[in-house]
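Asker: Quick one: sequence and predicted model below, then my questions.
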Amino acid sequence: MDKSDFFDNLLGQSSEFCSVIRAARITALTNVTVLILGESGTGKELLAQAIHHHSRRVSGPFIAVNCAALPETLAESELFGYRKGAFTGAVADQKGRIQAAHGGTLFLDEIGELPISIQAKLLRFLETGECQVLGKTQLEQVDTRIIAATNRDLYTQTQQGKFRPDLYYRLNIVPLELPPLRQRLDDLEQLLHTFTEQLAQQHELPPPRYSKATMKQLRHYHWEGNIRELRNFCERMVILFSKQTIETKHLPREFRSQKTALFQQIEGFILPDTGLNLQSLEIQMIRQALQKTYGNRTQAARLLGLTRDTLLYRLKKYAIE
C-alpha cells in the first residue's frame, strides 16, 4: 500500500483536523518522539499507525502497548524484557516490547497510566537509546521510535506528582492533539456515510440511508465516544435497518431523548430586552470552565468547544490568570 494511503484513511476536512494531519505527515519523516493527545475514540492509534507507515521505519515492526493494561509488577519486564532467572517464573530469556520493535515503532497508548516506578527507565531509553534488561548488567542499544498517546492532561499529572516532569517534557517534543468529534461536526456526514458503506460491504448487506431530520439529530448529539462511537452506531444501523431510510424514530433512545448540554442551553436562552455585554459573558464562561476543571486548560477548552490554542489566546487577550 502507498504510504499516503494510511493518512487518507483518517477521514475529515475540518480545518483543525487537517492541521493535525499536516503536522503528522511532516513529523513522520523524522525520528522524533511524538505525543498524541485526544479523548478516547478519536483515533490516536490510527494516527500512530499512519505516522509509522509514512516514516522511514515502514519496513520495521509497529507494536502497540496499552499501558493501562500492564500490571505494575509486570510493566518493567513487559517493556524492557528479562533474562532467565531474573525473578521467579523467568524460565527463559524474553525480549521486551522495546527490543521487539527494534528498527520500527513502539506505540505506548495511555502513557499516563504507566507506573511512575518505570518512567525513569523509559526516560533513560528516550535520551540514550539504552535499554536495561531485567537481570542483565550490560545495557543494550536499541533503535526504536516511541509514539505515546494519552487522554489525560499530563501536565496536570506532573503537578500532582503522578507523572515525571522530565519524562513529560521529553515526550512533549511534538504534541499532536486530535479534536473530539463534537468539534468537527463538518466531518460527521462524510464519516457517517463512509462507515456505513464499509460496514455494509463487510456484512454483505445493502446500506441504509439517513433522512435529513436524522442527520440534524445526529449533529446535535454529544458523541462522547467520538469516532469509535460513531462507527459502532453505523454498524448497528447497517444490521438493523439495511436498505431502509433511517428516520429519527429509528434512532436509539439516547439520540432521540438527549441533545448536548450546550445545545440545550443555547436553545433555551432568551436574550434580555436590555441586551448583554458579550465580552463580559465570554470572560465569565471562561472563568467558570477553568473553575470546573480545576485550572486544566485543555479540559476547559473542551467544555467551551474551543481548541486549546484559541483558549490560550483568549486568556491572554482578557488577561485571565
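Answerer: Everything's here; your move.

Asker: all helices of the stretch 151-300 of the chain, in order?
Answerer: For the stretch 151-300 of the chain, applying DSSP state H, counting those that start in this stretch gives helices covering 154-159, 165-171, 188-203, 212-220, 226-240, 253-257, 261-268, 278-292, 297-304.

Asker: Run through who's touching the last one.
Answerer: Taking contacts as Cβ atoms under 8 Å, 6 or more residues apart in numbering, the residues outside helix 297-304 that touch it are 37, 39, 153, 177, 180, 183, 285-286, 289-290, 292-293, 307-308, 310-312, 315. For glycine as for every other residue, the C-beta is placed from the backbone atoms N, C-alpha and C.

Asker: now do the longest one
Answerer: With Cβ under 8 Å, 6+ apart as the contact definition, helix 188-203 has outside contacts at 11-13, 181, 206-208, 210, 215, 218-219, 227, 230-231, 234-235, 237-239, 242.

Asker: a markdown table for the helices of the stretch 151-300 of the chain, including mean neighbour count and mean pLDDT?
Answerer: Converted to a markdown table, the helices of the stretch 151-300 of the chain look like this (neighbours: other Cβ atoms under 10 Å; pLDDT from 0 to 100):
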| stretch | mean neighbour count | mean pLDDT |
| --- | --- | --- |
| helix 154-159 | 17 | 90 |
| helix 165-171 | 17 | 96 |
| helix 188-203 | 16 | 96 |
| helix 212-220 | 15 | 92 |
| helix 226-240 | 18 | 96 |
| helix 253-257 | 11 | 77 |
| helix 261-268 | 11 | 49 |
| helix 278-292 | 14 | 86 |
| helix 297-304 | 20 | 83 |
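
Asker: Which one of these lies nearest to residue 58?
Answerer: Taking Cβ to Cβ, helix 165-171 is the member of these nearest to residue 58, at 22.5 Å.

Asker: tell me what that closest one is packed against?
Answerer: On a contact count with 3 or more Cβ pairs under 8 Å, 6 or more residues apart in numbering; DSSP states H and E, helix 165-171 meets helix 116-128, helix 154-159.

Asker: which stretch among those comes nearest residue 252?
Answerer: Nearest of the helices and strands packed on helix 165-171 (Cβ to Cβ): helix 154-159, 34.0 Å.

Asker: Can you name the residues that contact residue 162?
Answerer: Per Cβ under 8 Å, 6+ apart, neighbours of residue 162: 112, 116.

Asker: and it, backbone torsions?
Answerer: phi -100, psi -10 (degrees, to the nearest 10).

Asker: Compute the distance between it and residue 76, please.
Answerer: 18 Å (Cβ to Cβ, to the nearest Å).

Asker: Same question for residue 56.
Answerer: Going from residue 56 to residue 76 by Cβ to Cβ gives 29 Å.

Asker: More neighbours: which of these two?
Answerer: Taking other Cβ atoms under 10 Å, residue 56 and residue 76 do not tie; residue 76 has more neighbours (20 against 11).
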